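**Q** no sequence for this one, just the structure:
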């Protein structure tokens, strides 16, 4: 009895006959387009011209005899063949990193890493510590994105993220870094004029606008007000901090912000502490520059753990 002929797998055929045609330079371009979703984004990421990137990907597709991307009005998407080739290209990237890691100096870690995080952590914890990172790696560029509602690691909108909600989906590697503690804070002037027997529902409160009503702080304040209106609603924590410092009213703030700004903690444990999570796109977990930023963030939270967790 004759055996049934096996169906042809175009990617396995690449491995048998055309693997030498997938050069590291081609793989870099392929990965950049896959991660950015556009030629312009890939060109910016690689520091190359748009025409150069276009020619390279067309040359690669011609050499392999495969269509790696489907062109859409809103960008480039991997075809099935392109998705199957992704793992091979990432293996080349990891091999290139491993080849240079043993002998490369720290200053040779270069390129852009995009970090998504909360504005509060960016402005008051991460960016103030940046000199330590940049002194070690002067050719590294850290791009900080604080509009976290529009950032999706799975879509490659960012390389890694520091989040206050544990990621439940996507191709990401996660690690718990610590806890961000919250309390009820007021300026010293407000605390002095406030009667000791005052009830929270009669206090002036600073809260979040309706768009952010789902946040634990906003929900806690709503319960405390018991139907009474707040004195101020904002879309950023930095605005709430400014208002609390000015004595506008009470605000639910991270403990470290209260401490940094000499605010008075009226209630230290209000039950809305949040865990801090580091999420890294799994495809980038072995990238040297992404690992450098990840290690910087892990150490930064560890050094500030007491300040982040305990009341002022």
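**A** Sure thing, it's come through. Remember, it's a predicted structure, so these values are computed and weren't measured experimentally.
**Q** helix or strand: which one has the spatially most central residue of the chain?
**A** To find the centre residue of the chain, average its C-alpha atoms and take the closest one (Cα atoms, centre = their mean): that gives residue 161, at 2.1 Å. Under the assignment given by DSSP states H and E, the secondary-structure element containing residue 161 is strand 160-163.
**Q** what does residue 286 give?
**A** Assigned by DSSP H and E, residue 286 belongs to no helix or strand.
**Q** and the gap between it and residue 82?
**A** Relative to residue 82, residue 286 is positioned 21 Å away (Cβ to Cβ, to the nearest Å). C-betas here are computed from N, CA, C, even on glycine.
**Q** neighbour count: the two, which is higher?
**A** Comparing residue 286 with residue 82 by neighbour count (other Cβ atoms under 10 Å), the higher total belongs to residue 82, at 22 against 16.
**Q** residues touching the strand or helix carrying residue 301, excluding its own?
**A** Element membership of residue 301 [criterion: DSSP H and E] is helix 288-303. Where contact means Cβ atoms under 8 Å, 6 or more residues apart in numbering, the residues beyond helix 288-303 that reach it are 97, 100-101, 109-111, 113, 115, 125-126, 129, 132-133, 137, 140, 142, 159-160, 162, 175, 177-178, 276, 278, 280, 284-285, 308.
**Q** same thing but at 7 Å, please
**A** By Cβ atoms under 7 Å, 6 or more residues apart in numbering, the list of residues contacting helix 288-303 from outside reads 97, 101, 109, 111, 113, 115, 125-126, 129, 133, 137, 140, 142, 159-160, 162, 177-178, 276, 278, 280, 284, 308.
**Q** rewinding a little: please name every helix or strand in contact with the strand holding residue 161.
**A** Strand 160-163 makes packing contacts with strand 111-117, strand 274-281, helix 288-303 when contacts are defined by 3 or more Cβ pairs under 7 Å, 6 or more residues apart in numbering; DSSP states H and E.
**Q** parallel or antiparallel, list what pairs with it.
**A** In the sheet containing strand 160-163, the strands it pairs with under DSSP bridges are strand 111-117 (parallel), strand 274-281 (antiparallel).
**Q** the worst-scoring helix or strand of the chain on mean pLDDT: what's the following helix or strand?
**A** One helix or strand of the chain scores below all others by mean pLDDT, DSSP states H and E: helix 10-13, with a mean of 44. Once helix 10-13 ends, the next helix or strand along the chain (criterion: DSSP H and E) is helix 24-36.
**Q** buried stuff in that next one?
**A** For helix 24-36, burial by neighbour count (16 or more other Cβ atoms under 10 Å) applies to 26-36.
**Q** likewise stretch 244-256?
**A** By 16+ other Cβ under 10 Å, the buried positions in stretch 244-256 come out as 244-245, 248-256.
**Q** please, where are all the helices along the stretch 1-150 of the chain?
**A** Per DSSP state H, counting those that start in this stretch, the stretch 1-150 of the chain carries helices over the ranges 10-13, 24-36, 39-46, 50-64, 80-101, 119-121, 130-136.
**Q** output those helices as JSON lines; include the columns distance to residue 227.
**A** What follows is these, written out as JSON lines (distance: least, Cβ to Cβ, whole Å):
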{"stretch": "helix 10-13", "distance to residue 227": "62"}
{"stretch": "helix 24-36", "distance to residue 227": "49"}
{"stretch": "helix 39-46", "distance to residue 227": "48"}
{"stretch": "helix 50-64", "distance to residue 227": "57"}
{"stretch": "helix 80-101", "distance to residue 227": "53"}
{"stretch": "helix 119-121", "distance to residue 227": "29"}
{"stretch": "helix 130-136", "distance to residue 227": "44"}
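**Q** domain assignment for the chain?
**A** Here the domain assignment for the chain is 10-101, 111-178+275-307, 182-271, based on automatic domain parsing.
**Q** before we move on, back to that, so for the residue nearest to the centre of the chain, what's the nearest residue that isn't a sequence neighbour?
**A** Closest residue to residue 161 apart from its sequence neighbours, by Cβ to Cβ, 6 or more residues apart in numbering: residue 116 at 4.1 Å.
**Q** report all helices and strands that the helix or strand residue 220 falls within contacts.
**A** When secondary structure is defined by DSSP H and E, residue 220 falls within helix 216-225. Other elements packing on helix 216-225 under the criterion 3+ Cβ pairs under 7 Å, 6+ apart are strand 206-208, strand 251-254.
**Q** who's the spatially closest residue to residue 172 that is not a sequence neighbour bridged to?
**A** On the basis of Cβ to Cβ, 6+ apart, the spatially nearest residue to residue 172 that is not a chain neighbour turns out to be residue 279, at 4.6 Å. Beta-bridge partners for residue 279, by DSSP bridges, are residue 161, residue 174.
**Q** and stretch 208-221, end to end?
**A** 9 Å (Cα to Cα, to the nearest Å).
**Q** cool, stretch 121-132 as well?
**A** Stretch 121-132: ends 17 Å apart by Cα to Cα.
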